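Enquirer: Have a look; sequence and predicted model below, questions after that.
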Amino acid sequence: MKGIKTKKALLCIAILLFALNFAVQTVSMAPHSTIEINGNLQFTNPNGVSSGTGSSIDPYIIKDWEIDASTKTGINITNTDAYFVIRNCTVYNGGLNWAGIYLNNVTHGRIENCTVYNNTVGIPLWSSSNNNTLTGNTAYNNIAGIVLSTGCNNNTLTGNIANNNTLYGIFLYISSNYNTLTGNTANNNNYGIPLSTSCNNNTLTGNTANNNNYGILLSTSCNNNTLTDTYAHNIVWDFASDWTCADNVVHNLHLLCYPTNISFTYGDGIALVGVPIGSLPPTPPLLAGIGMYVNATDTSQTSWILLNISYADPDVLGVYEETLMIYRWNGTAWVLADGSGINGVNTAENYVYANITEFSNFGVLGRALEPVGGFVLPAEFPSYSVMLIIVAIAACATAAALARRKLP
């Protein structure tokens, strides 16, 4: 009897926990009129604030609102430095006139898990809006998804999705510096993640820009930016920079056509895109490719790029690894991409490199492995071993023939 009561109690607790979990997951947003806050004193309940005192450990909370922005910007916060969080809000229908969630001269703001659509700009940060965080937001069907403009510095954008916007996915504009963009996605826009007009020292890591006309674009004196582990498969360019941008470094730009993983520094403008599968001419006799190609185009008469193409051990099973080099298609044949005479392979760290000053399609080629006795030699055999192995095979065959003759 006691065991039955215990089981019933556990069953009741399980049902209660399930009900609570279901209730939490199905909390619906309530409609709210547009919110306008100008200065810290206007973080009030009538302006959508549900709790908080504005400190770093007890920020003002604006959450769970559904706002129609057809007559005014949905949430407009200006001239504040109090800590606040905008969470789980949906703002829509701003059309060509109104933004979704707008921060102007704001610090210490956090926008998380919000959805903004059908606005001019989904989430714009403007005019010295610094030290803010945007995380887990979705911006779609806007003119621009997320924009940082006019001196917006030291902001953090993490895990946001800015897809299917007319012009820009995530746009850094006019002296927006030292921002960190990590794990964001900007697909199906005209420009995925552009930086323009003196946006310097920004760090972009693990972002994805696919199916845009232009994936990553740097223009008008955007310098000293670092891009790492970017995934790109776009229509016109995966990465492009004009000649005014300098000292930018790209690590592990993953071009998703073949695929090909490249790292590079450059000068005086460059534009890169993956090469469509099946669009390249065959390799010449005795050479073999490892399935990695990129198209590089100059944007000025003095453009250059120091290009690294990375590979894994399984990629080079059909070639002698130490013979790998970057080749350029010159219109009629594959030729070495010599540039300044820098072209080779680092077999310890698995990348091929070349300094390039003449532009076209590029691929990694090496001397194909020779078949010996019906077998293809593994890549770790040096080429001079081939003759020794052939001699050994011949010697074994001769010995076997002599042995057969001696049999009764």
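Expert: Yep, that arrived.
Enquirer: what packs against the longest strand seen in the chain?
Expert: In the chain, assigned by DSSP state E, the strand with the most residues is strand 287-298. If you count contacts as 3 or more C-beta pairs under 8 Å, 6 or more residues apart in numbering; DSSP states H and E, strand 287-298 packs onto strand 260-267, strand 270-274, strand 304-310, strand 361-367. Yep, even glycine has a C-beta here, placed from its N, CA and C like the rest.
Enquirer: So which bits of that strand are buried?
Expert: Buried residues in strand 287-298, counted by 16 or more other C-beta atoms under 10 Å: 287, 288, 289, 290, 292, 293, 294, 295, 296, 298.
Enquirer: and of those, the nearest to residue 165?
Expert: Distances from the buried residues of strand 287-298 to residue 165 were compared by C-beta to C-beta; the smallest belongs to residue 295, at 26.3 Å.
Enquirer: any idea how far that closest one is from residue 126?
Expert: Note on residue 295: its distance to residue 126, by C-beta to C-beta, to the nearest Å, is 37 Å.
Enquirer: got the end-to-end distance for stretch 103-120?
Expert: According to C-alpha to C-alpha, to the nearest Å, stretch 103-120 extends 14 Å from its N-terminal end residue to its C-terminal end residue.
Enquirer: helix, strand or coil for residue 322?
Expert: Remark: residue 322 carries the secondary structure label helix [criterion: DSSP: H, G, I helix; E, B strand; the rest coil].
Enquirer: Skip the chain neighbours and tell me the closest residue to it.
Expert: residue 347 (6.1 Å; C-beta to C-beta, 6 or more residues apart in numbering).
Enquirer: Need the phi and psi values for the one you found.
Expert: Main-chain torsions, residue 347, degrees, to the nearest 10: phi -70, psi -20.
Enquirer: Just the pLDDT for it.
Expert: Confidence per residue is given as pLDDT, and for residue 347 that number is 98.
Enquirer: number of nearby residues for it?
Expert: Neighbourhood size, residue 347 [other C-beta atoms under 10 Å]: 14.
Enquirer: repeat for residue 285
Expert: Using other C-beta under 10 Å, residue 285 is surrounded by 6 other residues.
Enquirer: Kindly report the same for residue 343.
Expert: Each residue near residue 343 was counted by other C-beta under 10 Å, and the total is 20.
Enquirer: Touching, it and residue 335? I think so.
Expert: No. In this structure residue 343 lies outside contact range of residue 335 using C-beta atoms under 8 Å: 10.8 Å.
Enquirer: Check which helices and strands the helix or strand where residue 215 lies is in contact with.
Expert: With the criterion set as DSSP states H and E, the secondary-structure element containing residue 215 is strand 214-219. Contact partners of strand 214-219 among helices and strands, from 3+ C-beta pairs under 8 Å, 6+ apart: strand 191-196, strand 226-233, strand 237-241.
Enquirer: Which one of these lies nearest to residue 278?
Expert: strand 226-233 (15.5 Å).
Enquirer: elements contacting the closest one?
Expert: Secondary-structure packing of strand 226-233 (3+ C-beta pairs under 8 Å, 6+ apart): strand 203-205, strand 208-210, strand 214-219, strand 237-241, strand 249-255.
Enquirer: Quick check: mean pLDDT of it?
Expert: pLDDT averaged over strand 226-233 equals 98, rounded to a whole number.
Enquirer: swap in stretch 148-162?
Expert: 98.
Enquirer: Pull the distance from it to the chain's centre.
Expert: Centroid separation for stretch 148-162 versus its chain: 15 Å, with C-alpha atoms, centre = their mean, to the nearest Å.
Enquirer: still on that earlier bit, export the buried residues of strand 287-298 to JSON lines and append columns for distance to residue 251 and pLDDT.
Expert: Conversion of these to JSON lines gives the following (distance: C-beta to C-beta, whole Å; pLDDT from 0 to 100):
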{"residue": "287", "distance to residue 251": "28", "pLDDT": "95"}
{"residue": "288", "distance to residue 251": "27", "pLDDT": "95"}
{"residue": "289", "distance to residue 251": "24", "pLDDT": "94"}
{"residue": "290", "distance to residue 251": "20", "pLDDT": "95"}
{"residue": "292", "distance to residue 251": "16", "pLDDT": "94"}
{"residue": "293", "distance to residue 251": "19", "pLDDT": "95"}
{"residue": "294", "distance to residue 251": "15", "pLDDT": "96"}
{"residue": "295", "distance to residue 251": "20", "pLDDT": "96"}
{"residue": "296", "distance to residue 251": "17", "pLDDT": "97"}
{"residue": "298", "distance to residue 251": "22", "pLDDT": "96"}
